[in-house]
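1. coordinates only, sequence not included:
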């Protein structure tokens, strides 16, 4: 490795203090001033333009030194002259250069060359780090430009230098290669653009054209936004509005819920919605596994299509997604236009959904109040007929009443109120999606539904309720849901009786059997529903009184629960022990203890039936609660 430290540049100071280098006036400038200049240039004309500016600045310095050396050392060999370039460059104070490898071939008046070397103590790298920190690419642009200019002049053909390592991007030393055209690789061609200076006027013209384009985009976005707002005010539905968007943009658009279920679309055949939704669902699931969520507009490239997607926010929550969907490549300005407009469309969707949500909640409250007043017996048959016409339901046909209870493990009043509100909203949405018209209200701590038989004729009332409770359990796994179903009735003025039937059925439900129909209760149902409830309670309490006077005492309830499960299983010890998580010996001890206390043989059908009916009567009236079974 050869160092060039000899001082060959003619530098002198005149009597008046001016500096001259090779008879050309020169100045001394601190490297920190260059760093500040570089920073200001970055701020004002941009990184790419600054790189071209610095390369051309260095190129001019290199060319001037090459002219001096070619004239001053006219008789020297080409290799000697080439090696003087680093010496002159070092004497500017820019860097300490070293040439590690050099190849030279002369072809007429042109020289082919290949060089490799290093730069130490680059002022440019140090100042870049001082002003900007570590870069993600090489930064010694004036050094590269100087080498290019010097060798291009000496070799009489274009020579390109390129930094392959740079202290400015965190490397230990700056390394470079220089090549004439016959040694070029494809990546060298990218460097040529920086030496072609574009007049600032031309750049201003391009900038002006881009500004005009952006202005036109903004104008079109504003027009579309105003038209969409007008469509909403006209009462158009979301599908109609999205069709309008498709006609204006000529790009398919899809609106989805937060669960990625299609809500509306424009320009998308319904047959492909499912496939598109599936691929996007896979993408979002992947993003969720990476703990990332949407907060801004993104371009999503999937296997079968591309999306420009933005979330739809309402009251601080993501309630859906708005996406432009396309398969073919779009021009950059079209993509930019779609990105500008999609957030406006998202806000329109949020406004539409908010309006619909407000309308739906108001309608649900009205229907709920209507149902509650029917169940409380506040309306005559004629009044029900008149009021039902306002809600679009023919209540003078067979119907069922369903009472549903939601019980939290550690409930408090505030949490219970919030849960009931959420569940009621979800209930309304659930049946709307399935196009099942229901009346939904709340009485006490339960919510009540009225189903018309015609609406659920396909699968029946029990399957309808079971499917719905399964859906709720998936969403709220820690909550216990139980439902009681009344018998079919076609007298709406007697809905209060159906409500009591459903309430009785709900009380008889358990965790293992959470949907109970009133007719499955047998004679117990009508017995409790008659006007002799107090008498039935008194007889039932008397029957099981030997097991404990206080029905709220946990110890007494545990004994009653054991007896109840045993009787339900017809005296099957194995099944009872399994359900109660007891050993057979432990269960036999309890049953023996119960028989001793009751002074009754539980294997006697008459005794067992009387005891089972008494416990069920107390459960159905709410006197005792064995929900944990």
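-> Ah, there it is. Note that the coordinates shown come from a computational prediction; the quantities given were computed from them, not determined experimentally.

2. Helices along the stretch 201-350 of the chain, start to end?
-> For the stretch 201-350 of the chain, applying DSSP state H, counting those that start in this stretch gives helices covering 238-249, 273-289, 332-375.

3. Report the inter-axis angle for the first one versus helix 332-375.
-> When axes from the mean of the first three to the mean of the last three C-alpha atoms, to 10 degrees is applied, the directions of helix 238-249 and helix 332-375 differ by 170 degrees.

4. Can you list the buried residues in helix 238-249?
-> 238, 241, 242, 243, 244, 245, 246, 248, 249 (16 or more other C-beta atoms under 10 Å). Yep, even glycine has a C-beta here, placed from its N, CA and C like the rest.

5. Packing partners of that helix?
-> helix 200-233, strand 252-257, strand 262-266, helix 332-375 (3 or more C-beta pairs under 8 Å, 6 or more residues apart in numbering; DSSP states H and E).

6. Go through these and find the least confident stretch.
-> Of all the helices and strands packed on helix 238-249, the minimum mean pLDDT falls on helix 200-233 (a mean of 61).

7. can you give me phi and psi for the nearest residue to residue 120 once chain neighbours are set aside?
-> Closest residue to residue 120 apart from its sequence neighbours, by C-beta to C-beta, 6 or more residues apart in numbering: residue 96 at 4.3 Å. Backbone geometry at residue 96, expressed as degrees, to the nearest 10, gives phi -110, psi 100.

8. and residue 96, what is it in contact with?
-> 90, 119, 120, 121 (C-beta atoms under 8 Å, 6 or more residues apart in numbering).

9. Check the gap between the first one and residue 122 for me.
-> Which is residue 90. From residue 90 across to residue 122, the span is 11 Å (C-beta to C-beta, to the nearest Å).

10. same deal with residue 539?
-> 102 Å.

11. Neighbour count: these two, which is higher?
-> More crowded of residue 539 and residue 122, by other C-beta atoms under 10 Å: residue 122, with 26 against 14.

12. State whether residue 146 is indeed within a strand.
-> No: Residue 146 sits outside any strand when classified using DSSP: H, G, I helix; E, B strand; the rest coil, being helix.

13. Give the other helices and strands that the helix or strand hosting residue 496 contacts.
-> Using DSSP states H and E, residue 496 sits within helix 495-508. Counting contacts by 3+ C-beta pairs under 8 Å, 6+ apart, helix 495-508 packs against helix 332-375, strand 399-407, strand 446-452, strand 480-485, strand 515-517, helix 524-529, helix 605-620.

14. roughly how far out does that helix sit from the chain middle?
-> 43 Å (C-alpha atoms, centre = their mean, to the nearest Å).

15. Ok, stretch 92-105 next?
-> 54 Å.

16. and it, average pLDDT?
-> 90.

17. can you pull the buried residues of it?
-> Neighbour count says stretch 92-105 has 92, 94, 95, 96, 97, 98, 99 buried, by 16+ other C-beta under 10 Å.

18. just checking, the last one touches residue 83?
-> Looking back up the chat, that one is residue 99. Yes: in this structure, residue 99 is within contact of residue 83 by C-beta atoms under 8 Å, at 6.6 Å.

19. isn't residue 612 right up against residue 565?
-> No: with contact defined as C-beta under 8 Å, residue 612 does not reach residue 565; the gap is 10.5 Å.

20. Neighbour count for the two, which is higher?
-> residue 565 (21 against 17).

21. Just to be sure, the more buried one is in a strand?
-> No: assigned with three-state DSSP, residue 565 falls outside any strand and is helix.

22. Could you measure from it over to residue 177?
-> Here the criterion is C-beta to C-beta. By it, residue 565 lies 87 Å from residue 177.

23. before we move on, what about residue 139?
-> To residue 177, residue 139 is 17 Å away according to C-beta to C-beta.

24. Which one's more surrounded, the two?
-> More neighbours surround residue 139 than the other of residue 139 and residue 177, with 27 against 17 (other C-beta under 10 Å).

25. which non-adjacent residue is nearest the more buried one?
-> residue 168 is the one closest to residue 139 (C-beta to C-beta, 6+ apart), at 3.6 Å.

26. I'd say the one you found and residue 134 touch.
-> Yes: the criterion here is C-beta under 8 Å, and residue 168 meets it with residue 134 at 7.3 Å.

27. of the two, who's got more company?
-> residue 168 (25 against 13).

28. helix, strand or coil for the more buried one?
-> Put simply, residue 168 is helix when judged by three-state DSSP.

29. contacting residues around residue 325?
-> 251, 252, 253, 254, 268, 276, 305, 306, 307.

30. in the sheet, who's paired with it?
-> As for beta bridges, residue 325 partners with residue 252, residue 307 under DSSP bridges.

31. What does the pLDDT read for it?
-> pLDDT for residue 325: 86.

32. just residue 124 next, same as before
-> At residue 124, pLDDT is 92.

33. How many residues are close by the closest residue to it other than its chain neighbours?
-> Distance criterion C-beta to C-beta, 6+ apart; nearest residue to residue 124, sequence neighbours excluded, is residue 140 at 4.6 Å. Close neighbours of residue 140, defined as other C-beta under 10 Å, add up to 26.

34. nearest spatial neighbour of residue 398, skipping sequence neighbours?
-> residue 453 (4.0 Å).

35. Show the contacting residues for that neighbour.
-> 397, 398, 399, 400, 461, 488.

36. Quick check: the second one vs residue 380, distance?
-> It stands for residue 398. In terms of C-beta to C-beta, residue 398 sits 20 Å off from residue 380.

37. out of those two, which sits in the more crowded spot?
-> Between residue 398 and residue 380, counting by other C-beta under 10 Å, residue 398 is the more crowded of the two (13 against 10).

38. Wait, that one touches residue 489, no?
-> Yes: with contact defined as C-beta under 8 Å, residue 398 counts as touching residue 489 (7.0 Å).

39. how far away is the residue nearest to residue 120 from residue 148?
-> 19 Å.

40. Neighbours of residue 345, how many?
-> Count around residue 345 with other C-beta under 10 Å applied: 25.

41. ok, now residue 581?
-> 7.

42. swap in residue 384?
-> Neighbour tally, residue 384, other C-beta under 10 Å: 19.

43. so who does it touch?
-> Residue 384 neighbours (C-beta under 8 Å, 6+ apart): 374, 395, 492, 493.

44. Now do the same for it: helix, strand or coil?
-> Assignment for residue 384 (three-state DSSP): helix.

45. Let the chain start at 361 from now.
-> With the count now opening at 361, the last piece we talked about shows up as residue 744.

46. in the stretch 361-510 of the chain, which spans are strands?
-> Assigned strands in the stretch 361-510 of the chain, in chain order: 371-373, 379-381, 384-386, 456-467, 470-480 (criterion: DSSP state E, counting those that start in this stretch).

47. give the contact list for the closest residue to residue 764 other than its chain neighbours.
-> In space, and not counting its chain neighbours, residue 764 is closest to residue 843: 4.8 Å by C-beta to C-beta, 6+ apart. Residues in contact with residue 843 (C-beta under 8 Å, 6+ apart) are 762, 763, 764, 765, 825, 829, 865, 866, 869, 874, 875, 876.

48. next one: residue 401
-> 410, 413.

49. what are the phi and psi angles of residue 758?
-> phi -60, psi 140.

50. Next: residue 915.
-> Dihedral pair for residue 915: phi -70, psi -40, per degrees, to the nearest 10.

51. Contacts only, for it.
-> residue 908.

52. Which pLDDT value belongs to it?
-> Predicted confidence (pLDDT) for residue 915: 80.

53. Then residue 952?
-> For residue 952, the model assigns a pLDDT of 85.

54. Give the burial count for it, as a bare number.
-> Neighbour tally, residue 952, other C-beta under 10 Å: 11.
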